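> got a predicted model here, sequence first, then my questions.
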Amino acid sequence: MIVYRIDRRSGIPTYVQLVLQTKQALRRGDLAVGDQLPTAKDVVGALTINPNTVLKAYRELEREGLVEPHPGVGTFIVASLAKPGMAEKTALQRELNRWLDRGISAGLDRADFEALVASALDSRYQNEGEQ
């Protein structure tokens with residue numbers, strides 16, 4: 001089950017944050033076809049947000065073909081975004097955690113890491129149109 005977190009200072013609309021977090025969980029393989037998303041009521045209770053915000057996010061995921069609502073039952077994952085390379089997720093996560101530990105020891109904070117990663121991704125994918 002996914003646990004949503006909202007960054008109210010990010011400037012990103014709350015429903016978009018829910019959509020992005022769901023997609024990230026699908027890419028990582030943390031959510032799979034057949035899994036149920038938390039009910040809107042549960043998300044509203046956990047995050048203290050408007051129910052329409054959750055419903056908007058779920059409608060967007062449905063529009064993209066990733067989830068399917070079952071009235072009275074819940075919203076279920078119907079498509080995956082995980083790629084075969086994500087099977088190596090555990091090893092990659094360990095490497096990433098070691099890298100983060102080294103950076104934290106050197107005094108880097110979250111914004112520093114985000115800038116480093118964004119720069120590396122931009123450099124790597126600049127010719128492929130993916131950013």
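All right, it came through fine. Numbering: from 1, shown residues only.

> what packs against the one helix or strand Asp112 maps to?
In this structure, Asp112 is located in helix 110-125 according to DSSP states H and E. Counting contacts by 3 or more CB pairs under 8 Å, 6 or more residues apart in numbering; DSSP states H and E, helix 110-125 is packed against helix 89-105. Every C-beta, even on glycine, is put in place using the N, C-alpha and C of the backbone.

> what angle sits between the helix it packs on and helix 110-125?
Between helix 89-105 and helix 110-125, the angle comes out at 130 degrees (axes from the mean of the first three to the mean of the last three CA atoms, to 10 degrees).

> run through who's touching helix 89-105.
Helix 89-105 is touched from outside by Arg28, Gly29, Asp112, Phe113, Leu116, with contacts defined as CB atoms under 8 Å, 6 or more residues apart in numbering.

> per-residue pLDDT of the second one, please?
Note for Gly29: predicted pLDDT of 86.

> make a markdown table from the contacts of helix 89-105 and add neighbour count to it.
A markdown table is the format used below for those (neighbours: other CB atoms under 10 Å):
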| residue | neighbour count |
| --- | --- |
| Arg28 | 13 |
| Gly29 | 14 |
| Asp112 | 13 |
| Phe113 | 14 |
| Leu116 | 13 |
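
> what two of the residues you listed have the greatest distance between them?
Gly29 and Asp112 (27.9 Å; CB to CB).

> quick one: Glu62 and Phe76 touch, right?
No - Glu62 lies out of contact with Phe76 (CB atoms under 8 Å); the separation is 10.3 Å.

> what sits in contact with each of those two?
With CB under 8 Å, 6+ apart as the test, Glu62 and Phe76 both reach Glu68, Pro69.

> how does this structure divide up, domain by domain?
Taking automatic domain parsing as the reference, the chain has its domains at 14-77, 84-125.

> mean pLDDT for those: which is lowest?
Among the domains of the chain, domain 84-125 carries the lowest mean pLDDT, at a mean of 89.
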